[in-house]
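Asks: could you work out the structure for the sequence below:
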Amino acid sequence: TNEQALESAIEKYLTGTCLEELKAGVQEASPDFNNRLYRIGQPSDFNMQFALDERFFWAFLEKTQEDELDKVKRNNPNDWQRKIYERFDRLIKKHGILHLLKKGLSVDDAHFNLMYPAPLASSSNKVKQNFAANLFSCTRQLRY
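Replies: Okay, here's the model as predicted:
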């Protein structure tokens, strides 16, 4: 197989569809297609400095932790995104991504969960909704 076929296979496995199918007119898979947790990311949304899909990152925080995000916005009205990015970057360099996914990200007096673990069958609806709100993306061919 060639490189593009490999990329396509990985993307289809993670997201339930691939760019080639989208270009051919096949509709984009629904977010829960085949229980896939990944969305197709766009290179233009990917911040290479922080290795982060900005569109999905901010959408996740706004949907799941709007009150915490508002705290940071109030304390840093002009540069709240930069403040979060810099803290994110420092903690990843110090502890690694798994630590942040497990422990979350604290910025000033706000604390952000960067993912929600899978719920138990007996978990509350809120726990199940939080898990369903997780956003992971698969982005192909970033240009440096």
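Asks: quick one: the helices in this protein?
Replies: Counting by DSSP state H, the chain has these helices, from start to end: 3-15, 19-23, 54-64, 66-75, 80-95, 97-103, 125-132.
Asks: in the fifth one, what's buried?
Replies: If I follow you right, that is helix 80-95. The neighbour-count criterion (16 or more other C-beta atoms under 10 Å) identifies 80, 83-85, 87-88, 91-92 as the buried residues of helix 80-95. Heads up, the C-betas are built off the backbone N, CA and C, glycines and all.
Asks: and among the helices of the chain, the most buried is which?
Replies: When neighbours are counted by mean count of other C-beta atoms under 10 Å, the highest per-stretch mean among the helices of the chain falls to helix 54-64, a mean of 17.
Asks: and residue 51, how far from residue 85?
Replies: 11 Å (C-beta to C-beta, to the nearest Å).
Asks: what of residue 74?
Replies: To residue 85, residue 74 is 18 Å away according to C-beta to C-beta.
Asks: if we can go back for a sec, closest to residue 63 among the buried residues of helix 80-95?
Replies: When the buried residues of helix 80-95 are compared for distance to residue 63, the smallest value, 15.5 Å, is given by residue 84; criterion: C-beta to C-beta.
Asks: check whether the closest one really touches residue 75, as I assumed.
Replies: No - the pair residue 84 and residue 75 fails to qualify as a contact (C-beta atoms under 8 Å) at a distance of 11.2 Å.
Asks: just to revisit the earlier point, looking at the helices of the chain, which is closest to residue 109?
Replies: helix 66-75 (5.8 Å).
Asks: hmm, back to that, quick one: which of the buried residues of helix 80-95 is nearest residue 3?
Replies: Of all these, the one with the least separation from residue 3 (C-beta to C-beta) is residue 92, at 28.0 Å.
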